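Student: Everything below, folded, please.
(2 chains)
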Amino acid sequence: MGWLEKTYNRIKKVKKKIDVPDGLWTKCANCSEIVYNKTLDENLRVCPKCNYHFYIGACYRIDITLDKDSFFQYNSTFNSSNPLNFPEYEEKLKKAEKSTNLDEAALIGEGKIGGREVAITVTDFGFMGGSMGLVVGERIATVVDKALEKHLPLIIISGSGGGARMQEGVLSLMQMAKVSASLAEFKTKGGLYISVLTHPTMGGAMASFASRGDIIIAEPGALLGFAGPRVIKQTIKQQIPKGFQRSESLLKHGMIDLVVDRNNIRSTLIKILDFLKK
Amino acid sequence: MDQRNRYTLDFEKPLIELENKIQELMGLTEKEGIDVKEEIKHLEMRLKNLEQKIFLNLTPWQRVQLARHPARPKTLTLIDLIFDEWLELHGDRLFSDDQAIVTGLGKMNEHRVVWMGHQKGESIKENLSRNFGMAHPEGYRKAKRLMNLAEKCSLPVVSFIDTPGAYPGIEAEQRGQAEAIAANLEKMSQLKVPIIVIIIGEGGSGGALGIGVGDKLLMLENAVYSVISPEGCAAILWDDQNKIEEAASALKLTANDLLKLDIIDGIIPEPQGGAQRDVGKTANNIKKAILRELEALRTMPVEELILRRKIGYRQMGKTRGEENG
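Tutor: Numbering: from 1, shown residues only, chains lettered A, B, ... in the order given. Model (predicted):
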């Protein structure tokens, strides 16, 4: 233990300023429809016209997933540093902290969903692509170990574009092994793990925790996979088929259980937890 | 002819020039009877000094080039030299037999092991069939099958890492490249037998890690292990291919760097100039290291083995983080 100190830290009411661009209207990145921001918010930041799921931050995600005011955040005393003295890394971390109002790319803790207690992690694509360095790896391993210790179901909601954090070199790669070790122990000892995939979840995140849920749910249209489409295109020197690496394609190929609209994720989780309760 | 003459790295060129000059002078002695012994002796001395100067001060980028050297010994070459007896086993029982990952059984002295490794080709033709050592999901699933076999028969696993990365292709994605790697990470973290991992050439990110979790992690002196290639890193960070050398340094991907970071447990020495200069000696050094680790791990109780493995990865880099308050 030692470094981990659980604090009773109610999540602050989500400041809409963080997640929403200035102004009253937002142009949908997919269908170009101009949507009234209030309407977009009421629809959990999903385009009412084309069902495009906008990026949302980790705090807002917790807010729309868990029962009201039920989140207890685990605060780690272990903070981001620059283990390799990688050029320009500190600046990037500072910038990410400022733009997301988070101290790292993963938010961990426990809370209730439909009255049932769960351990939960959300990775935030807005914080350096949701990439996994030492701190994110440590946090995820911690929440998994906590879930094991307290016999809680585990929910990880991923939004990790790059997977590993390049600026931490092989140390970031080792986080995949670290998280997998905790997950494997949790699962072999009977723990239930539900993985929720959001746009985008790739690379080291997908190749460690995100693809290994007992049940895997994805938001529609999310980019999910190992290698990025650009790298694949460069390698095979061919056009990539339409819909490739999207949630619907993974469903077709048997890689995930369900594609669920953001509006229904909470109710789906409640249903699954109820079906599988011990 | 010496293999290294078939492929010369940029930084080796001054050495080759000197070698050629010495050859030329020797020819002169033979053919025309001119006595240039003194000059030859002088040049040989210069060659030795220059070799030392270059090879004792290799930059990270130069090591990347050595790690990718076409004549560098590949997994099956080493397997043949290391084991007294061995048998390759094929197929994942699900889809196909991936040629980019090889697996099998082997014996050295009294030790029996399950071995696995990435396999690059020795020729262009073989490289095409081996996919340059870039595995599809079925390669990782074949390796997992062998891990299960090792567990069932209580045999330790020795894994040889040498890949630019897992293959980034359409079919690889559709068949679950990420899942195949992730499943192996879980499997290896819980495996009830010792695992020794040796990075013999290129340790390319998740594709390397997919058969690279273990109790002991060793690297050949000029092998590299990185989360991204220096080329990829330079492209993403600086959008500038002139910064590859800088990226190679920043990534801390050499055996020396990774030993300092406590990520690997040891370095296996290579002959001066790289493993390709004396494959037999390289294999022998690897064999000695494997025997040493097998001896050390073989009496450890299973629970302790798995717990230590978990703690080992848990502690990595901890001292580098900032502890608050």
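Student: going forward, measure contacts and count neighbours with C-alpha atoms only.
Tutor: Noted.
Student: And for the nearest residue to A:Met176 once chain neighbours are set aside, the neighbour number?
Tutor: Nearest residue to A:Met176, sequence neighbours excluded (CA to CA, 6 or more residues apart in numbering or on different chains): A:Ser208, at 5.3 Å. If you count neighbours by other CA atoms under 10 Å in any protein chain shown, A:Ser208 ends up with 30.
Student: From B:Arg314, how far off is A:Ser208?
Tutor: Using CA to CA, to the nearest Å, A:Ser208 is found at 15 Å from B:Arg314.
Student: Can you list the low-confidence ranges for the chain?
Tutor: Picking chain A for this. Within chain A, the segments meeting pLDDT under 70 span A:1-22, A:77.
Student: looking at chain B here, not the other one
Tutor: For chain B, the stretches with pLDDT under 70 are B:1-6, B:319-325.
Student: B:Ser229 versus the spatially most central residue of it, what's the distance?
Tutor: Centroid-nearest residue in chain B: B:Ile200, 1.9 Å away (criterion: CA atoms, centre = their mean). Applying CA to CA, the value for B:Ile200 to B:Ser229 is 16 Å.
Student: how about the strands in the chain?
Tutor: Because you didn't say which chain, this covers chain A. All strands of chain A, identified by DSSP state E, fall at A:4-6, A:25-27, A:34-36, A:72-76, A:78-79, A:106-113, A:116-123, A:154-158, A:193-197, A:215-218, A:258-259.
Student: Can you look at chain B instead?
Tutor: Using DSSP E, strands in chain B cover B:85-89, B:101-108, B:111-118, B:157-163, B:195-204, B:216-220, B:224-226, B:266-268, B:322-323.
Student: Centroid-nearest residue for chain A?
Tutor: In chain A, the centroid-proximal residue (CA atoms, centre = their mean) is A:Ser158; its distance is 2.2 Å.
Student: Would you confirm that that one contacts A:Gly203?
Tutor: No: contact criterion CA atoms under 8 Å: A:Ser158 and A:Gly203 do not qualify, at 11.8 Å.
Student: quick one, helices of the stretch 51-200 of chain B?
Tutor: Along the stretch 51-200 of chain B, counting by DSSP state H, counting those that start in this stretch, helices occupy B:60-67, B:75-82, B:124-130, B:137-152, B:170-174, B:177-190.
Student: How far does the longest one sit from its chain's centre?
Tutor: Computed by CA atoms, centre = their mean, to the nearest Å, the separation of helix B:137-152 from the middle of its chain amounts to 20 Å.
Student: anything in it near chain A?
Tutor: No: using CA under 8 Å from any CA of the partner chain, helix B:137-152 stays clear of chain A, coming no nearer than 10.8 Å.
Student: what's that helix packed up against?
Tutor: The helices and strands touching helix B:137-152, judged by 3 or more CA pairs under 8 Å, 6 or more residues apart in numbering or on different chains; DSSP states H and E, are strand B:101-108, strand B:111-118, helix B:177-190.
Student: I'd like to know which elements the last one is packed against.
Tutor: When you say that, I think you mean helix B:177-190. Secondary-structure packing of helix B:177-190 (3+ CA pairs under 8 Å, 6+ apart): helix A:169-188, helix B:137-152, helix B:205-209, helix B:302-315.
Student: the inter-axis angle of it versus helix B:302-315?
Tutor: Orientation check (axes from the mean of the first three to the mean of the last three CA atoms, to 10 degrees): helix B:177-190 against helix B:302-315 gives 130 degrees.
Student: Tell me what angle helix B:177-190 forms with strand B:195-204.
Tutor: Helix B:177-190 runs at 150 degrees relative to strand B:195-204, counting by the same axes, to 10 degrees.
Student: List, one by one, the residues from the stretch 51-200 of chain B near chain A.
Tutor: Counting by CA under 8 Å from any CA, the stretch 51-200 of chain B sits next to chain A at B:168-170, B:173-183, B:185-187, B:189-190.
Student: what do you get if the cut-off is 7 Å, keeping everything else the same?
Tutor: The stretch 51-200 of chain B comes close to chain A at residues B:168-169, B:173-174, B:176-179, B:181-182, B:185-186, B:189-190, as judged by CA under 7 Å from any CA of the partner chain.
Student: coming back round to it: deepest-packed of the helices and strands packed on helix B:137-152, please.
Tutor: Mean neighbour count (mean count of other CA atoms under 10 Å in any protein chain shown) peaks for helix B:177-190 among the helices and strands packed on helix B:137-152, with a mean of 27.
Student: ok, and what's touching that helix?
Tutor: Identification of contacts with helix B:177-190 by CA atoms under 7 Å, 6 or more residues apart in numbering or on different chains yields A:177, A:180-181, A:184, A:206-209, A:211-212, A:225-226, B:136-137, B:140-141, B:144, B:210-211, B:213-214, B:306, B:309-310.
Student: Having no further points to raise, I will conclude here.
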